[in-house]
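Participant: Structure for this input, please:
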Amino acid sequence: MSAVKSAAKATQKQMADAIRVLAMDGVEKAKSGHPGMPMGMADVATVLFSKFLKFDASRPDWADRDRFILSAGHGSMLIYALLHLTGYKAATREELSNFRQWGSKTAGHPEYGHMPGVEVTTGPLGQGLATSVGFAMAERHLAAKYGADLVDHRTWVIAGDGCLMEGVSQEAIALAGRLKLSRLTVLWDDNDITIDGKVALSDATDQKGRFKAAGWAVKAVDGHDMAAIKTALKWATRQDKPTLIACKTQIGRGAATMAGSHKTHGAALGAAEVAATRLGLAWDHDPFEMPDNVLSAWRKVGRQGAKHRKAWEARLAASPQAADFTRAMKGDLPDNAFDGLDAKIAELIETKPAQATRQSSGAALEQVFGAVPELVGGSADLTGSNNTYVAGTPILDAPNYEGRYVNYGIREFGMAAAMNGLALHGGVIPYGGTFMVFSDYSRPAIRLGALMGVRVVHVLTHDSIGLGEDGPTHQPVEHLAALRAIPNLNVFRPADTVEAMEAWKIALSSRTTPSAMCLSRQKTAAVRVEASSENLTAKGAYELKAASGEARATLFATGTEVPIALAAAERLEANDIPTRVVSAPCFELFFQQPKAYQDSVIGRGTVRVAVEAAVQQGWERFIGEDGGFVGMTGFGASAPAEVLYEKFGITTEAVVAAVKARL
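Facilitator: From the prediction side, this is the model:
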């Protein structure tokens, strides 16, 4: 990039003004964006990056770097300006000037995987803060496991008023306070502004008091007094609990006439205001152009962590744990990860147990938990119901962070977001359980994990009306369709123990796709009773039972409804109607198969009927417009499972009738 020569050493104010100008210019060029927050937090960010943040711009993937999370992701030009100024190779002047445009790495909100230095996708307010809890948990867990020589870093978060208003923030700060995550610091952009105007329009919460009540250390500071900011950040590093620093700032700081106005939050300042702001800041340079003394000062900041990185690399090379640490951080599974699971599957083919698939999932975990030491599990206060705990596992808790099981409490959204953070940090493969109906609560984090492409396993038990007496509030009917609608999320509904174990193998092997395990409360018969040399669940759908002759009907089913389809096929065969049965444990994997395979499984020349204790949405790709569907058209009811299946017509007789009506 070009630079303007200047002999004088840059001041910290000039370094902060560089952020302000780049933010202003990027948004102005795009005619879209949020300049107010970056301009307001420029002073805080300058002190953080230049005096405290441990990083090396030449090595964005250094394992022991501090993590910086911009929870207030609308202010994305703040992080793009910082990455550019400190010398991240990908953060070029051209990328900044292409802000929010097609194909640029500088998306409207920071996107994980687009720009090195962006640790997590943010924008949905509160989720960056909630995800940061997972980052801090991972650091403490891995430090306990590998020692401070290899793992010794902090997680820093910039959050805004909107982040703290979102309900997930309470789940996050309560969990972090309970776990005493002392390496987590939140810098609150306390500017008293939301899009509509003053925060007081909609909120009167004592935020500092709320954090204190959750077990955080709290300090308030003038967000434009750099000496005070430095003192506060140093204070944060000495605390034995997570810290909140309330940085009282002015939104749009430096803008000629609009500083402090909510109008700077989400729109370009306009050419006249930009020009006047340049005059006010004594910034006589073209858009995206940096004076060489300012650029030199920032590039020095970007290099100052190199000595720490090199010293760490030497410690890693000398460590007897080097190979294991490197493997875990890369995300590679141990060579013997599935040996026990494969042996168990072979045994189950012979023994054919009838059990709830939540039990099957628990049995799978028992086989892989010891072989994959990166697995860290948990539950949203439903451990016994979710079957997520492996006997003898120590709890991850202060001060024993080496434990591998987390009591997340009744915090489904916070748990799912923290799991995203655990996965993004590296060295951990997280899974967590709740009832499937409560995926409504965790859905925003499940979606964000799918968008980022992280390996997280969501264990969702009590997957249908089959949970019985708890009634319609707890009986998911639309949730399978809702989860299947999320791109890049593998939704598994296994029919028996073999399919459940195959699903776990896929989930743990899927580096860039999260998984949802939809598991039954009620027992179901074994359907996989013949050995196979391949993982049939990995095909998404497959012929479980062939027709006795040229097939006239094809029945599709998932989960606990597969035995219903098999019984219906037996009756149809007895009526001289050759019928095949297809188990479809994962729609997403099936529609990734070659078209020829899909056609062979779907059986387009046959009458097609699907049975699933859920709504029909999504089954059209299997059964076509004229196919039959036996399932739910409304909510459930409170009664024993077998009564509900009969009353709602999810029966063998209904499947047989649906076929006969179409022949």
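Participant: ok, T537 to S76 distance?
Facilitator: 39 Å (C-beta to C-beta, to the nearest Å). Every C-beta, even on glycine, is put in place using the N, C-alpha and C of the backbone.
Participant: Please say which of those two ends up with more neighbours.
Facilitator: Shown here are T537 and S76; by other C-beta atoms under 10 Å, S76 has more neighbours (29 against 26).
Participant: Following the worst-scoring helix or strand of the chain on mean pLDDT in sequence, what is the next regular element?
Facilitator: Taking mean pLDDT, DSSP states H and E as the measure, the chain has strand 3-4 as its least confident helix or strand, at a mean of 53. Note on strand 3-4: by DSSP states H and E, the next helix or strand toward the C-terminus is helix 12-30.
Participant: Which positions in that following helix come out as buried?
Facilitator: For helix 12-30, burial by neighbour count (16 or more other C-beta atoms under 10 Å) applies to 12, 14-30.
Participant: Just the C-alpha atoms of that helix, please, in PDB.
Facilitator: Output of helix 12-30 as PDB, limited to C-alpha atoms (Å, rounded to 0.1, in the frame of the first residue of the first chain):
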ATOM      1  CA  GLN A  12      -1.200   6.600  20.100                       C
ATOM      2  CA  LYS A  13      -4.000   9.100  19.300                       C
ATOM      3  CA  GLN A  14      -2.800   9.100  15.600                       C
ATOM      4  CA  MET A  15      -2.800   5.300  15.700                       C
ATOM      5  CA  ALA A  16      -6.400   5.300  17.000                       C
ATOM      6  CA  ASP A  17      -7.300   8.000  14.400                       C
ATOM      7  CA  ALA A  18      -6.000   5.600  11.700                       C
ATOM      8  CA  ILE A  19      -8.700   3.100  12.800                       C
ATOM      9  CA  ARG A  20     -11.400   5.900  12.700                       C
ATOM     10  CA  VAL A  21     -10.500   7.000   9.200                       C
ATOM     11  CA  LEU A  22     -10.300   3.500   7.800                       C
ATOM     12  CA  ALA A  23     -13.700   2.700   9.300                       C
ATOM     13  CA  MET A  24     -15.200   5.900   8.000                       C
ATOM     14  CA  ASP A  25     -13.600   5.400   4.500                       C
ATOM     15  CA  GLY A  26     -14.600   1.800   4.200                       C
ATOM     16  CA  VAL A  27     -18.300   2.500   5.000                       C
ATOM     17  CA  GLU A  28     -18.300   5.600   2.800                       C
ATOM     18  CA  LYS A  29     -17.000   3.700  -0.200                       C
ATOM     19  CA  ALA A  30     -19.500   0.900   0.300                       C
END
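Participant: which other helices and strands contact that helix?
Facilitator: Here helix 12-30 touches helix 36-40, helix 42-47, helix 76-86, helix 93-97, helix 226-236, helix 271-280, helix 292-303, going by 3 or more C-beta pairs under 8 Å, 6 or more residues apart in numbering; DSSP states H and E.
Participant: So for it, mean pLDDT?
Facilitator: Across helix 12-30, pLDDT averages out at 98.
Participant: middle-most residue in the chain, spatially?
Facilitator: The residue lying closest to the centre of the chain (C-alpha atoms, centre = their mean) is G449, at 2.8 Å.
Participant: Keeping just the C-alphas, turn the helix or strand harbouring it into PDB.
Facilitator: Applying DSSP H and E as the criterion places G449 in helix 439-452. Extracted C-alpha coordinates of helix 439-452, given in PDB (Å, rounded to 0.1, in the frame of the first residue of the first chain):
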ATOM      1  CA  SER A 439     -33.300 -27.000  19.900                       C
ATOM      2  CA  ASP A 440     -35.600 -24.000  19.400                       C
ATOM      3  CA  TYR A 441     -33.600 -22.300  22.200                       C
ATOM      4  CA  SER A 442     -30.200 -23.300  20.800                       C
ATOM      5  CA  ARG A 443     -31.100 -22.900  17.100                       C
ATOM      6  CA  PRO A 444     -29.300 -19.600  16.500                       C
ATOM      7  CA  ALA A 445     -26.000 -21.000  17.700                       C
ATOM      8  CA  ILE A 446     -26.600 -24.300  15.800                       C
ATOM      9  CA  ARG A 447     -27.100 -22.200  12.600                       C
ATOM     10  CA  LEU A 448     -24.000 -20.100  13.300                       C
ATOM     11  CA  GLY A 449     -22.000 -23.300  13.800                       C
ATOM     12  CA  ALA A 450     -23.200 -24.600  10.500                       C
ATOM     13  CA  LEU A 451     -22.400 -21.300   8.800                       C
ATOM     14  CA  MET A 452     -18.800 -21.400  10.200                       C
END
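Participant: Kind regards, and thank you for your time.
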